[in-house]
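S.K.: Need a 3D model of the sequence below.
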Amino acid sequence: MIDFDALLVLIPLAPFMLGGLAIWTRHQRKTLELQLELAKAQAVARPPADDRIEQRLRTLERIITDNRTGDALSREIEDLREKQLS
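M.R.: Here you go, the predicted structure:
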């Protein structure tokens with residue numbers, strides 16, 4: 001059975017509850033937009049060390065997948081070591 005007394009109390013409160021929901025939703029949307037902007041900025045401002053590591057990894061992948069003789073492979077590995085030291 002419907003409790004009409006409770007319904008009479010809730011009806012006048014409905015606009016306030018909807019207003020609060022609208023404010024909360026707007027706040028959540030703004031928070032997500034700011035988090036997205038922060039993530040984009042962090043992705044752009046990657047430290048240069050990451051770029052060097054990525055380049056070394058690509059070089060190592062190329063060395064591993066190329067068919068090279070032992071001498072050519074040894075020379076290339078030594079070249080990488082020298083670049084790392086400089």
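S.K.: hey, let's count contacts and neighbours off CA atoms from now on
M.R.: Fine.
S.K.: What values do phi and psi take at D3?
M.R.: Dihedral angles of D3 (phi, psi; degrees, to the nearest 10) stand at phi -90, psi 100.
S.K.: G20: neighbour count?
M.R.: Look at G20: counted by other Cα atoms under 10 Å, it has 12 neighbours.
S.K.: Repeat that for the one 10 residues further on.
M.R.: Other residues lying near K30 total 12 when counted by other Cα under 10 Å.
S.K.: How far away from the center of its chain is the longest helix anywhere in the chain?
M.R.: Using DSSP state H, we find that the single longest helix of the chain is helix 4-44. In terms of Cα atoms, centre = their mean, to the nearest Å, the centre of helix 4-44 is found 24 Å from the chain centre.
S.K.: other SSEs contacting that helix?
M.R.: On a contact count with 3 or more Cα pairs under 8 Å, 6 or more residues apart in numbering; DSSP states H and E, helix 4-44 meets no helix or strand.
S.K.: Show me what secondary structure element comes after it.
M.R.: Counting by DSSP states H and E, the next helix or strand C-terminal to helix 4-44 is helix 48-65.
S.K.: and the angle for the helix or strand just after that next one with helix 48-65?
M.R.: Once helix 48-65 ends, the next helix or strand along the chain (criterion: DSSP H and E) is helix 70-85. Following axes from the mean of the first three to the mean of the last three Cα atoms, to 10 degrees, one obtains 180 degrees for the angle between helix 70-85 and helix 48-65.
S.K.: in helix 70-85, what counts as buried?
M.R.: Going by neighbour count (16 or more other Cα atoms under 10 Å), nothing in helix 70-85 comes out as buried.
S.K.: Determine how far stretch 51-69 lies from the middle of the whole chain.
M.R.: Computed by Cα atoms, centre = their mean, the chain-centroid distance of stretch 51-69 equals 26 Å.
S.K.: and that stretch, C-alpha only, in CSV?
M.R.: Only the C-alpha atoms of stretch 51-69 are listed here, as CSV (Å, rounded to 0.1, in the frame of the first residue of the first chain):
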residue,chain,number,x,y,z
ASP,A,51,62.7,7.9,-25.4
ARG,A,52,66.3,6.6,-25.0
ILE,A,53,65.1,3.3,-23.5
GLU,A,54,62.5,2.9,-26.3
GLN,A,55,65.2,3.6,-28.9
ARG,A,56,67.6,1.0,-27.4
LEU,A,57,64.7,-1.5,-27.2
ARG,A,58,64.0,-1.0,-30.9
THR,A,59,67.6,-1.4,-31.8
LEU,A,60,67.9,-4.7,-29.7
GLU,A,61,64.7,-6.0,-31.4
ARG,A,62,66.2,-5.3,-34.8
ILE,A,63,69.5,-7.0,-33.9
ILE,A,64,67.7,-10.1,-32.6
THR,A,65,65.4,-10.4,-35.6
ASP,A,66,68.1,-9.7,-38.3
ASN,A,67,70.2,-12.5,-39.7
ARG,A,68,73.7,-11.4,-39.0
THR,A,69,77.0,-13.1,-38.6
